[in-house]
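> The following comprises the amino acid sequence and a computationally predicted model.
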Amino acid sequence: MSKSKIKYICSNCAYESVRWLGKCPECDSWNSFTEELIETGRRKSFKVPQKVSFHKITEITATEEDRIKTGITEFDRVLGGGLMPGSVVLLGGDPGIGKSTLAMQASANIKNKVLYVTGEESEKQIKLRSSRLKITSDEFYVLAETELGQIIASINNLDPAVVIIDSIQTMYRSELENSPGTITQIRECTSLLMEEAKKKNYSVIIIGHVTKEGMIAGPKLLEHIVDTVIQFEGESNHSFRILRAQKNRFGSTNEIGVFEMHEVGLREVTNPSELFLSEREKQTPGSVITSSMEGTRPILLEVQALVTPSNYGYPQRVSTGFDQRRLSILLAVLEKRANIRVSSANVFLNMAGGLRIQEPAVDLAVCISTAASLLNRVVDNQTVVIGEVGLGGEIRSVGNIEKRIQEAEKLGFTRAIIPSGNEKGIKSSGKLKIAFVENLSQAVELTIGRNT
Ligand SMILES: Nc1ncnc2c1ncn2[C@@H]1O[C@H](COP(=O)(O)OP(=O)(O)OP(=O)(O)O)[C@@H](O)[C@H]1O
Ligand SMILES: [Mg+2]
């Protein structure tokens, strides 16, 4: 007979404790312990099975063409070229960001059977959404159910190519005593779905909520189980959404997909640069255009800086979409190497459009925009500024310069300021004038004039 006892599990890293703890000793997260029932029945004795089967790798057939295309190019790219049969994708995101909408739109174009399992909405509510999204697919099936045994039975009955679970927090296995949404239930349900998907070769998209701390519930546990983890992000006051892979067993994690939310659903943004540049004010001091590689695509975006005098001893440094420590380093370099006195000023930095940039290629634009705002000078808005800034004030070369230049040319920019280290092998059609810079002072002079 199975017995059960109570344990406390960290919802972030699955560390187990017999007592409730305020701070996890394993991952240092606060307030992450939840009470769980653990079954402690006697284990069955270990038996070695008589029959086993294995194959030579040369005998196994699998091709890239097996991938199921969702027809949404941005989604397929983030997945690594489409859904891999037998794989499990975890789609996470804030409440109301559009997870169900994306999953539904993605399945609408799939030629084979799709089963949409909903634990949150009724069949009628799903129907209303599908009418709004104008989904007419004949192969789209809906099941309103939360018990996993029933769900697996329905899947076996229907034999679909893709199953959508909306959401994993509402699903439960009846043989466990824990309530739905607990770590044990989430983990066990996901493991079973993974096992079944691999056995029967269908793809599963699992929708997961993000907790208030910004984690997909039990992220570390699920990250290990599933094949792909995709995060759907966006600002509530912006209509665009970004899809980002955090883990992908079958593709790169560098790719992003960009969408805009409309009444008729999510619309793909095939040229994100146009979107991120569309709202820029003409000729404002402190605004500089730069280029950041997001996966294999260059995205042009606006860096905005606002520098104001500080009346207190401690000037403020606030950045949105850019690492605060990196900003402090760049400001120190700007002061020491280019003689721009920012140490006693407040500096506010923003990557327009809500993007988060980690690439050092935007360093130079951050420096130039800060200098321009401090000195109240305008940088020509047809100029794109690219380069990594070193501690010595030197401008270091960046990768993929050809692609960045081509994108700037395509969008009608007339001048590019780039590192001299990138001079070799660069081709421009002549429409875009390229200036090469070796150090920060040179770049400041070329963009906002002499620092006097
Ligand atoms: N009638 C409508 N017109 C315009 N936009 C709508 C309409 N209905 C819903 N939306 C948009 O769709 C979003 C909700 O999408 P969806 O239900 O797919 O999100 P979700 O991430 O699945 O949410 P939840 O976490 O609640 O399941 C809303 O935030 C809103 O932006
Ligand atoms: Mg939903």
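Received the coordinates, thanks. Ligands and ions are numbered 1, 2, ... in the order given.
> helices or strands up against the helix or strand containing Arg77?
Using DSSP states H and E, the element containing Arg77 is helix 73-79. Helices and strands touching helix 73-79, by 3 or more CB pairs under 8 Å, 6 or more residues apart in numbering; DSSP states H and E, are strand 228-234, strand 240-248, strand 256-262. To be clear about C-beta, it is placed using only N, CA and C from the backbone, and glycine gets the same treatment.
> what ranges do the helices span in the stretch 351-452 of the chain?
363-375, 401-410, 440-448 (DSSP state H, counting those that start in this stretch).
> Out of those helices, the one nearest ligand 1 is which?
With respect to ligand 1, and counting by CB to the nearest ligand atom, the nearest of these is helix 401-410 at 29.4 Å.
> Enumerate the positions of the closest one that are buried.
Buried residues in helix 401-410, counted by 16 or more other CB atoms under 10 Å: 401, 404-409.
> I'd like the domain boundaries of this structure, if you could list them.
Residue ranges for the domains of the chain, per automatic domain parsing: 4-39, 67-270, 275-448.
> quick one: the biggest helix by length in the chain to chain centroid distance?
In the chain, with assignment by DSSP state H, the single longest helix is helix 183-200. Here helix 183-200 shows a centroid-to-chain-centroid distance of 24 Å under the convention CA atoms, centre = their mean, to the nearest Å.
> swap in stretch 359-366?
Distance, centroid of stretch 359-366 to centroid of chain: 20 Å (CA atoms, centre = their mean).
> Not counting its own residues, what contacts it?
Residues outside stretch 359-366 that contact it (CB atoms under 8 Å, 6 or more residues apart in numbering): 288-293, 303, 305, 322, 326-327, 330, 349, 351, 385-389, 395-396, 398-399, 404, 417, 437, 440, 443.
> avg pLDDT for that stretch?
On average, the pLDDT along stretch 359-366 is 95.
> Roughly how far does the most centrally placed residue in the chain sit from Val258?
In the chain, the residue lying closest to the centroid (CA atoms, centre = their mean) is Arg244, at 2.4 Å. Distance, Arg244 to Val258, using CB to CB, to the nearest Å: 10 Å.
> Gln185 now?
Applying CB to CB, the value for Gln185 to Val258 is 34 Å.
> for Tyr15, what are its contacts?
9, 24-27.
> same thing but 10 Å
Residues in contact with Tyr15 (CB atoms under 10 Å, 6 or more residues apart in numbering) are 8-9, 21, 24-27, 29, 32-33, 220.
> Please pick the buried ones from these.
With burial judged by 16+ other CB under 10 Å, the buried subset of the contacts of Tyr15 is 8-9, 24, 29, 32-33, 220.
> Out of those, name the two that are farthest from one another.
Greatest spatial distance in the buried ones among the contacts of Tyr15: Tyr8 and Lys220, 16.0 Å, computed using CB to CB.
> if we can go back for a sec, ok, which of the domains of the chain comes nearest ligand 1?
domain 67-270 (3.3 Å).
> which parts of stretch 356-376 are buried?
For stretch 356-376, by 16+ other CB under 10 Å, it's 357, 359-375.
> residue boundaries of the helices in the stretch 201-350 of the chain?
Here the stretch 201-350 of the chain has its helices, by DSSP H, counting those that start in this stretch, at 219-225, 272-277, 324-338.
> Alpha carbons of the second one, as PDB, please.
Right, helix 272-277. Output of helix 272-277 as PDB, limited to C-alpha atoms (Å, rounded to 0.1, in the frame of the first residue of the first chain):
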ATOM      1  CA  PRO A 272      11.300  44.200 -37.500                       C
ATOM      2  CA  SER A 273      13.700  47.100 -38.200                       C
ATOM      3  CA  GLU A 274      10.900  49.000 -39.800                       C
ATOM      4  CA  LEU A 275       8.700  48.500 -36.700                       C
ATOM      5  CA  PHE A 276      11.300  49.500 -34.200                       C
ATOM      6  CA  LEU A 277      12.200  52.600 -36.200                       C
END
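> I'd like the average pLDDT over it.
On average, the pLDDT along helix 272-277 is 76.
> Need the residues that contact it.
Outside helix 272-277, the residues that touch it by CB under 10 Å, 6+ apart are 74, 238-240, 242, 256-260, 269, 271, 289, 291-292, 294, 297-302, 351-355, 381, 407-408, 410-411, 413.
> Can you report the mean pLDDT over the residues of stretch 242-259?
Mean per-residue pLDDT for stretch 242-259: 84.
> what's the answer for stretch 434-452, then?
87.
> which of the buried ones among the contacts of Tyr15 are close to ligand 1?
With the criterion set as CB under 6 Å from any ligand atom, no member of the buried ones among the contacts of Tyr15 is near ligand 1.
> ok, so of those, who is nearest Phe54?
Lowest distance from Phe54 to these (CB to CB) belongs to Lys220, with 31.1 Å.
> For that closest one, give me the pLDDT.
The model reports Lys220 with a pLDDT of 63.
> Up against ligand 1, what does this protein have?
By CB under 6 Å from any ligand atom, the residues of the chain that approach ligand 1 are 93, 95-101, 120, 132, 261, 263.
> Could you check stretch 284-296 and say which residues are buried?
Buried residues in stretch 284-296, counting neighbours by 16+ other CB under 10 Å, are found at 284-295.
> right, and the pair among the residues you listed with maximum separation?
Taking CB to CB, the two most distant members of these are Pro285 and Gly295; they sit 32.2 Å apart.
> Lowest mean pLDDT among the helices and strands, pick that one out for the chain.
Counting by mean pLDDT, DSSP states H and E, the chain has its least confident helix or strand at helix 219-225, which shows a mean of 74.
> For Leu277, grab the count of nearby residues.
For Leu277, the neighbour count with other CB atoms under 10 Å is 19.
> For the residue lying farthest from the centre of the chain, what are phi and psi?
Distance from the C-alpha centroid of the chain, by CA atoms, centre = their mean, peaks at Gln50 (45.9 Å). Main-chain torsions, Gln50, degrees, to the nearest 10: phi -80, psi -40.
> how far away is it from Gly119?
From Gln50 to Gly119 the distance is 40 Å (CB to CB).
> Packing partners of whatever helix or strand Ala153 lives in?
Assessed by DSSP H and E, Ala153 sits inside helix 148-158. Packing partners of helix 148-158 (3 or more CB pairs under 10 Å, 6 or more residues apart in numbering; DSSP states H and E): strand 114-118, strand 140-144, strand 162-166, helix 183-200.
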